[in-house]
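Undergrad: Sequence and predicted model, in that order:
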Amino acid sequence: MEHPTRQSLLGNATVQMILVIIIVALANTWSAGSFLRLDLTQDRIYSLDLTTRALMVRLDKPLLVKVYFSQNLQAPYHNHEQTLIDTLEDLRAYSKGLMDIQVIDPTNVRELEEEAQRFGIQPIQYRYRSANLTEMKKVFMGAALVYGDQQKVLPAITQTQTLEYELAKAIKSLVSDEERKTIGWTTGFGEPDLLTGSGPLETLRTQLSESYNLARIPVGGSGLIDESVDALFVVGPQRPLSQRALYQLDQFLMRGGSLAFFVTHTKPDLRNYRPQNVYHGLEPLIGHYGVQVNRDLVVDRASNGVMRLPVRQGRYLVQMPVNYPLLPKANDLNKDNLIVKDLDSMLFPFVSSLSVADPLPDGITAQVLAKTGAASGRIKGVRTIDPNAFKLVDPGEERGPWPVLVSLSGSWTSFFANSDIPPAPNSEQSIEEDDPASQLRTGAQARLIVSGSADFLANNLTFMLNLSDWMAQDDSLVGIRSKMVDLPPLEHPEPKQAKVMKAANMLFGPLVMLLIGVLRWAARRRTAFAATHKNDAKPEVA
C-alpha cells in the first residue's frame, strides 16, 4: 500500500484552508445583506415588531442617529448604552442602508457637551460610587435622530423596557406626514381636571402630549363637540349630566367619534371609611349603547392592590401598606384584543361590575376586556369601606367573575332618535346649530369603552396609552408599547390552587426519595436472590 507523501498532505491541508477562507468570506458577504435572529421568548421581546420594521422600510432619505452616552456607568445603567446600540443595529438591518449610527461620549468635552445640548440632550445627575468615594456626576444618556431637516430626541434613556416603542414613535413622527389628532376630556360636572393633575395623571398627560393635542371639552352648553376632537374621555363626573350634555356626547358618538366612560358610583372617604354615593346620570345613555354599570362594589380578597392606610400601633397611627379587597386586580384579560393582550393585570379601584346587554343593539359587537377572578364578589349597599369589614364573605355577596372593562364597536341608533334637541341653558342659540335637520339619528362606525372605576386611569398608564391610540384610530404602536423587555410578575394563585401547590411542594420530595428507596431495595433484593440461586445451581464435584 502506497502512503501519501508529506508534500501531498501539505497540499491537501492548504487547499482545505483556502476553501474554508472562501466559505467564510462568502458567508460574511451574504450575511451583510441579510438579517436573521432566533428569538425563543414567548412574546418575541428580543425581536423587532413588524410595525417597527415597516417604519424602517418607509425611509426615503438618510437617517442619522447620534448617541450621546457617558462611559463606565454603574448599575442600573451599566448596560443601557449597549442595549440602545443593539436595538439601533437591529433597526439599521431593515433600513436599506439609509441609517447611520454615531456613538459619542461627550463627558468633560466642552464642544461635544454643547453639541448634545443643542439637540436637547441635557446632562442628568448621576450618583457615582467607588471603594473610597461617593459623588454626584453629570452624565449624558440620550440620542438624537436626524432625518433631513427634522429631528427627534430621546433626552434621557434611564430605562430600556420600552426602548423599541420610544424609537418607533420617534421614527414614525419623522416619516409620517399625518396631522396630530386631538384627545379631549369633558369638564363641567365635577370631573377631575386631567390636564392639570399631578402624579400619574401628569405622566399620562406628558406621554400623550408627545403624540396628540389635548383639550378640555366643556359639555352642557350651546353647540356641539368640535369636529377636530377625535377621541373623548368622560372621567368621574360627580354631578348628574344635563340632557344637553348627554345630547352632545350622543351626537359625538353618532358622527364616528371614539368615546370612553370611566364612571364611579362610590367615592371613598378614607378618613371615616364611609362610601359616598355618586349620581352622574349616565346610566340611561350607556345602557342604550349596550352596557349597564351596576350599583355595587366588586371585592376580591385573593387578588388585589395595596393601599397605605393608618394602622394603630400602641398609641400611634402609622401609615402601613394594606392589601385592600376593594382594589381588585383583574388578571383575566382578553388576549385576543390588541390593547390588553400583552398586559399581565390591571387594577380597578372601587369598581362597579358591568352587565353587557343580551341581545346587543343591532350592528354592535362587544368584547369584555377584563374580568375579576372567580374568587371575587360583588356587594350592593356597602355601608363601610374599612378593609377589615371584608375579611369574611358578606351574606348578600354574589360570587364572580365579573366584567369590569368592556369595549364596543359598530353603528348605533341615537339615544335621542325619537326626542327633540335638548335646549342649552342660559344661552342664545342660533337656529343653525340646533336645526332638527342637523340631528344625527343613526351613527357612523364608532368605538366605545366603559368601565365602572374613575380611579382606573391613574393606576393603569400603559393601558391608557394603548387605549388612546386605539380610540384615535392609531393602532400601529399599541403592540410595541405593551412588549416589555422585563421579567413578568408572579401571578397570585387562587386559594384552592395555592393549597394544592403547597401540598405538592411538601410531598413531592419525600415521595421521590421513598420511590428511589423502594426501587433500590427491590434491585438489591433481586441481586441477592439471583446470587443465591446461582450458587444452588452449581453441581457438586466429588
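TA: That came in fine, so what should we check first?

Undergrad: how much space between S303 and P325?
TA: Between S303 and P325 the computed distance is 10 Å (CB to CB, to the nearest Å). No exception for glycine: its C-beta is placed from N, CA and C like everyone else's.

Undergrad: next one: A215
TA: From A215 over to P325 (counting by CB to CB), the distance is 37 Å.

Undergrad: what are the ranges of the helices in the stretch 51-200 of the chain?
TA: 80-93, 110-118, 163-175, 200-209 (DSSP state H, counting those that start in this stretch).

Undergrad: Pick the most buried one from those helices.
TA: helix 163-175 (a mean of 21; mean count of other CB atoms under 10 Å).

Undergrad: I'd like the helices of the stretch 51-200 of the chain written out as a markdown table, with mean pLDDT and distance to H280 added.
TA: Output for the helices of the stretch 51-200 of the chain, formatted as a markdown table (pLDDT from 0 to 100; distance: least, CB to CB, whole Å):
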| stretch | mean pLDDT | distance to H280 |
| --- | --- | --- |
| helix 80-93 | 91 | 45 |
| helix 110-118 | 92 | 48 |
| helix 163-175 | 87 | 34 |
| helix 200-209 | 87 | 20 |
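
Undergrad: Tabulate these (JSON lines), appending distance to T266.
TA: Supplementary listing: the helices of the stretch 51-200 of the chain in JSON lines, determined by distance: least, CB to CB, whole Å:
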{"stretch": "helix 80-93", "distance to T266": "43"}
{"stretch": "helix 110-118", "distance to T266": "50"}
{"stretch": "helix 163-175", "distance to T266": "35"}
{"stretch": "helix 200-209", "distance to T266": "20"}
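
Undergrad: Out of these, which gets nearest to A444?
TA: helix 200-209 (24.5 Å; CB to CB).

Undergrad: for the closest one, packing partners?
TA: Packing partners of helix 200-209 (3 or more CB pairs under 8 Å, 6 or more residues apart in numbering; DSSP states H and E): helix 456-459, helix 461-471.

Undergrad: next one: the shortest one to chain centre, how far?
TA: Centroid displacement of helix 456-459 relative to its chain, using CA atoms, centre = their mean, to the nearest Å, is 12 Å.

Undergrad: For it, the averaged confidence score.
TA: Averaging pLDDT along helix 456-459 gives 88.

Undergrad: what packs against that helix?
TA: Against helix 456-459 (3+ CB pairs under 8 Å, 6+ apart) you get helix 200-209, strand 346-347.

Undergrad: Dump the ones you listed into a markdown table; add distance to L88 as well.
TA: Below are the helices and strands packed on helix 456-459 laid out as a markdown table (distance: least, CB to CB, whole Å):
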| stretch | distance to L88 |
| --- | --- |
| helix 200-209 | 22 |
| strand 346-347 | 32 |
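
Undergrad: Show me the one of the ones you listed that comes nearest N388.
TA: Per CB to CB, nearest to N388 of the helices and strands packed on helix 456-459: strand 346-347, 20.7 Å.

Undergrad: From the centroid of the chain, which residue is nearest?
TA: T462 (3.7 Å; CA atoms, centre = their mean).

Undergrad: Report pLDDT for it.
TA: pLDDT, T462: 85.

Undergrad: and it, how far is that from W412?
TA: T462 is 29 Å from W412, by CB to CB.

Undergrad: ditto for F456
TA: Applying CB to CB to F456 and W412 gives a distance of 23 Å.

Undergrad: Tell me which of A215 and P325 has more neighbours.
TA: Set side by side, A215 and P325 show more neighbours around P325, with 23 against 14, by other CB atoms under 10 Å.

Undergrad: what are the ranges of the helices in the stretch 251-400 of the chain?
TA: Using DSSP H, counting those that start in this stretch, helices in the stretch 251-400 of the chain cover 283-289.

Undergrad: Now do the strands in it.
TA: 258-262, 266-269, 274-277, 291-293, 297-299, 304-313, 316-330, 332-333, 346-347, 354-356, 364-371, 377-379, 398-399 (DSSP state E, counting those that start in this stretch).

Undergrad: and I104, what are its bridge partners?
TA: Taking DSSP bridges as the rule, I104 bridges to Y68.

Undergrad: And for V299?
TA: G377.

Undergrad: can you start the count at 51 instead of 1 from here on
TA: Sounds good: first residue 51 from here, last item V349.

Undergrad: so who does it touch?
TA: Shown in contact with V349 (CB atoms under 8 Å, 6 or more residues apart in numbering): P375, L376, P378, S426, G427, R428, I429, F440, D444, E447.

Undergrad: Check Q200 too.
TA: Q200 neighbours (CB under 8 Å, 6+ apart): L224.

Undergrad: what's the next secondary structure element after the lowest-mean-pLDDT helix or strand in the chain?
TA: Ranked by mean pLDDT, DSSP states H and E, the weakest helix or strand in the chain is helix 528-532, scoring a mean of 66. Counting by DSSP states H and E, the next helix or strand C-terminal to helix 528-532 is helix 545-587.

Undergrad: Pull the distance from that next one to the chain's centre.
TA: With CA atoms, centre = their mean, you get 48 Å for helix 545-587.

Undergrad: tell me what it is packed against?
TA: Checking 3+ CB pairs under 8 Å, 6+ apart, helix 545-587 ends up next to no helix or strand.

Undergrad: for the record, mean pLDDT for that helix?
TA: In the prediction, helix 545-587 has an average pLDDT of 80.

Undergrad: pLDDT weak spots in the stretch 151-300 of the chain?
TA: 180-181, 183 (pLDDT under 70).

Undergrad: Oh, that last question was meant for the stretch 351-500 of the chain, not what I typed.
TA: 476-483.

Undergrad: Next, the distance between the ends of stretch 267-283.
TA: Stretch 267-283 has its terminal residues 9 Å apart, counting by CA to CA, to the nearest Å.

Undergrad: Need the contact partners of that stretch.
TA: Residues contacting stretch 267-283 (CB under 8 Å, 6+ apart): 231-239, 244, 265, 291-292, 294-295, 298-299, 301-302, 305, 307-310, 312, 474-475, 477-479, 483, 518, 521-523.
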